[in-house]
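Undergrad: Fold the following for me, if possible:
(2 chains, ligands or ions: 2)
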Amino acid sequence: MLALAGIARWLGLGGAPTLADEGEARDALRHIVPSFVPRETWLDTRGCSALLLDDAGRVALLRAHGARWAARVLPLPLDARVEDGRLLVPSGERMFGRLELEHECAAELAARLRSDG
Amino acid sequence: MDKLPDPVQLAVPAFVLLVLAEMTYARWKRAGHRYCPRDTLTSLLLGFGSSIAGAVFGGAVVGSAAWVSGFGLLDIPYAWWAWPLCFILDDLAYYWFHRTAHRVRWFWASHAIHHSSQHYNLSTALRQTWTGFLSASFVFRLPLFFVGFPVPMVLFCAGLNLVYQFWIHTEAVGRMPAWFEAVFNTPSHHRVHHATNARYLDRNYAGVLIVWDRLFGTYEPEVDKDRPRYGLVRDLGSFNVIWAALHEWVGIARDLWAARSWRERLGYAFGPPGWSPDGSRETSEIIRRQWQAQQADQP
Ligand SMILES: [Zn+2]
Ligand SMILES: [Zn+2]
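TA: Ligands and ions are numbered 1, 2, ... in the order given. Model (predicted):
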């Protein structure tokens, strides 16, 4: 079993996807949660995650999961904080984990998520 | 009881070779996104776990089958005509099992594991249930024993059915010839089944014959402009093997714990997946209705 997975890696299959711009983040999210209409999109500087806000006071956390994207939609406010310039947003689910977002305005965003957007 | 080989066990070496071939093909076609090593490893471990669970509970399943056989209406022999009849009726039983497995949360809790990958490749096929015994999935086959088909014959046909379903878990095959697509379950039909797009949700439950879906109104063809998005409506976002196998049971347990009435308890355990007392969660009907409304809004 390990050998098969090893061969997949050796063949160069998979690999983490990246988001080139906000438009790609919106596209990726629309495929997962079609009902979410983003008003604002915050993209990780490395393109490996995004945080989107809608008009209904909801937040979408979008992050890579293996070679695909995974998302959660949560209501505000959220227990967001900043560590080493990275915004950390818990999903509230242990198995889903948290969103990490590298952004120059991480502190400002964290404050907004802790209030109501 | 007569002894017949287990088709699934015999096919394992072929499964491994075909997974290797599909990986190489994906690489050659520069479609590396079709595979993810971590996801494949999880699939393989889930398949392994399933075979262990099967070995542990298999005896009880065979026992109950033999017991029902004791009341068999007929005494069907191992005749040439009995085999195809058994295979077709078993496939029909599979259709109803599989349809129920998507529409009743108690059965879905065991089947969700099969849909837990966001990828669709041959390794995905190996994600098989660990808890089928707990869900009592075997009851769907009991009518065959009751009619009087020999237990080993039914189990052999069920094994063949599962082996058939392996090869359709691939994006490497587009469409088969039209006559084949009309009668048999194919990669195209089953991609629809694994997709969470509103158009495709809870469609194409077939095992081998897609005829059942056409007959019972659950058929949906794959549309090229609506590319399937694979996985669960709410993806796990985790490669944890135990979580993939048991997450829906944990969900049921949590909901039952929080439930305030027997109506809620019954709904959480035996309602459709996504059922909630106040309709605040999404069932596949709600998702489809929202999508249809959206479609109608667009000119
Ligand atoms: Zn299914
Ligand atoms: Zn499948």
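
Undergrad: Figure out the helix or strand that residue B:63 lives in.
TA: Using DSSP states H and E, residue B:63 falls within helix B:37-69.

Undergrad: Quick one: list the elements packing against that helix.
TA: helix A:2-10, helix B:132-135, helix B:142-147, helix B:151-167, helix B:241-258 (3 or more CB pairs under 8 Å, 6 or more residues apart in numbering or on different chains; DSSP states H and E). C-beta coordinates here come from the backbone N, C-alpha and C atoms, glycine included.

Undergrad: Buried residues, it. List them.
TA: Going by neighbour count (16 or more other CB atoms under 10 Å in any protein chain shown), the buried part of helix B:37-69 is B:37, B:39-47, B:49-51, B:53-54, B:57, B:61, B:64-65, B:68-69.

Undergrad: Please apply the same query to stretch B:174-184.
TA: Result for stretch B:174-184 [16+ other CB under 10 Å]: buried residues B:176, B:181, B:184.

Undergrad: just checking, the first one touches residue B:188?
TA: Yes. Contact between residue B:176 and residue B:188 holds when scored by CB atoms under 8 Å: they sit 7.4 Å apart.

Undergrad: and the residue nearest the centre of chain A, what are its bridge partners?
TA: For chain A, residue A:62 is the residue whose C-alpha lies nearest the centre (CA atoms, centre = their mean; 2.7 Å). Per DSSP bridges, the residues bridged to residue A:62 are residue A:50, residue A:71.

Undergrad: How about the contacts made by it?
TA: Each residue near residue A:62 by CB atoms under 8 Å, 6 or more residues apart in numbering or on different chains is listed here: A:25, A:28, A:29, A:32, A:49, A:50, A:51, A:52, A:69, A:70, A:71, A:99.

Undergrad: And those, which is closest to chain B?
TA: Nearest to chain B, judged by CB to the nearest CB, of those is residue A:70 at 3.8 Å.

Undergrad: Excluding chain neighbours, give the residue nearest to that closest one in space.
TA: residue B:237 (3.8 Å; CB to CB, 6 or more residues apart in numbering or on different chains).

Undergrad: Could you list the low-pLDDT ranges of chain A?
TA: A:116-117 (pLDDT under 70).

Undergrad: Give me every residue in it that's in contact range of chain B.
TA: Neighbours of chain B within chain A, by CB under 8 Å from any CB of the partner chain: A:1-2, A:4-9, A:11-15, A:17, A:31-32, A:34-35, A:63, A:65-68, A:70-72, A:91, A:95-97.

Undergrad: again, only this time at 7 Å
TA: With CB under 7 Å from any CB of the partner chain as the criterion, chain A meets chain B at residues A:1, A:4-5, A:7-9, A:11-15, A:31, A:34-35, A:65-68, A:70, A:95-97.

Undergrad: any idea how far the closest residue to residue A:5 other than its chain neighbours is from residue A:4?
TA: Using CB to CB, 6+ apart and skipping residues adjacent in sequence, the residue nearest residue A:5 is residue B:41, 3.8 Å away. Distance, residue B:41 to residue A:4, using CB to CB, to the nearest Å: 8 Å.

Undergrad: Residue A:115: neighbouring residues, count only.
TA: 9 (other CB atoms under 10 Å in any protein chain shown).

Undergrad: Give me the phi and psi angles of residue A:64.
TA: phi -70, psi 140 (degrees, to the nearest 10).

Undergrad: need the contact list for the closest residue to chain A within the stretch 51-200 of chain B.
TA: Ranked by CB to the nearest CB, the top residue of the stretch 51-200 of chain B for proximity to chain A is residue B:118, at 4.1 Å. Applying CB atoms under 7 Å, 6 or more residues apart in numbering or on different chains to residue B:118 gives the contacts A:65, A:68, B:230, B:231, B:235.

Undergrad: Widest-spaced pair of those residues?
TA: A:65 and B:230 (12.3 Å; CB to CB).

Undergrad: quick one, helices of chain B?
TA: B:7-28, B:37-69, B:82-103, B:105-111, B:132-135, B:142-147, B:151-167, B:178-183, B:187-194, B:211-216, B:241-258, B:262-270, B:284-297 (DSSP state H).

Undergrad: As JSON lines, those with mean pLDDT would be great.
TA: Output for the helices of chain B, formatted as JSON lines (pLDDT from 0 to 100):
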{"stretch": "helix B:7-28", "mean pLDDT": "92"}
{"stretch": "helix B:37-69", "mean pLDDT": "92"}
{"stretch": "helix B:82-103", "mean pLDDT": "97"}
{"stretch": "helix B:105-111", "mean pLDDT": "97"}
{"stretch": "helix B:132-135", "mean pLDDT": "89"}
{"stretch": "helix B:142-147", "mean pLDDT": "94"}
{"stretch": "helix B:151-167", "mean pLDDT": "95"}
{"stretch": "helix B:178-183", "mean pLDDT": "97"}
{"stretch": "helix B:187-194", "mean pLDDT": "98"}
{"stretch": "helix B:211-216", "mean pLDDT": "98"}
{"stretch": "helix B:241-258", "mean pLDDT": "96"}
{"stretch": "helix B:262-270", "mean pLDDT": "97"}
{"stretch": "helix B:284-297", "mean pLDDT": "88"}
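
Undergrad: Just send those back as a markdown table, with distance to residue A:57 too.
TA: As requested, these are exported to a markdown table (distance: least, CB to CB, whole Å):
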| stretch | distance to residue A:57 |
| --- | --- |
| helix B:7-28 | 42 |
| helix B:37-69 | 34 |
| helix B:82-103 | 33 |
| helix B:105-111 | 30 |
| helix B:132-135 | 39 |
| helix B:142-147 | 51 |
| helix B:151-167 | 44 |
| helix B:178-183 | 46 |
| helix B:187-194 | 33 |
| helix B:211-216 | 41 |
| helix B:241-258 | 24 |
| helix B:262-270 | 27 |
| helix B:284-297 | 19 |
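
Undergrad: nearest to residue A:103, of the ones you listed?
TA: Per CB to CB, nearest to residue A:103 of the helices of chain B: helix B:37-69, 26.5 Å.

Undergrad: Just want the angle from the closest one to helix B:151-167.
TA: The directions of helix B:37-69 and helix B:151-167 differ by 160 degrees, with axes from the mean of the first three to the mean of the last three CA atoms, to 10 degrees as the criterion.

Undergrad: Nearest residue to residue 97 in space, please, no chain neighbours.
TA: With no chain named, the answer covers chain A. residue A:91 (6.4 Å).

Undergrad: not quite, I wanted chain B
TA: Closest to residue B:97 by CB to CB, 6+ apart is residue B:140, at 3.7 Å.

Undergrad: pLDDT score assigned to that neighbour?
TA: Note for residue B:140: predicted pLDDT of 95.
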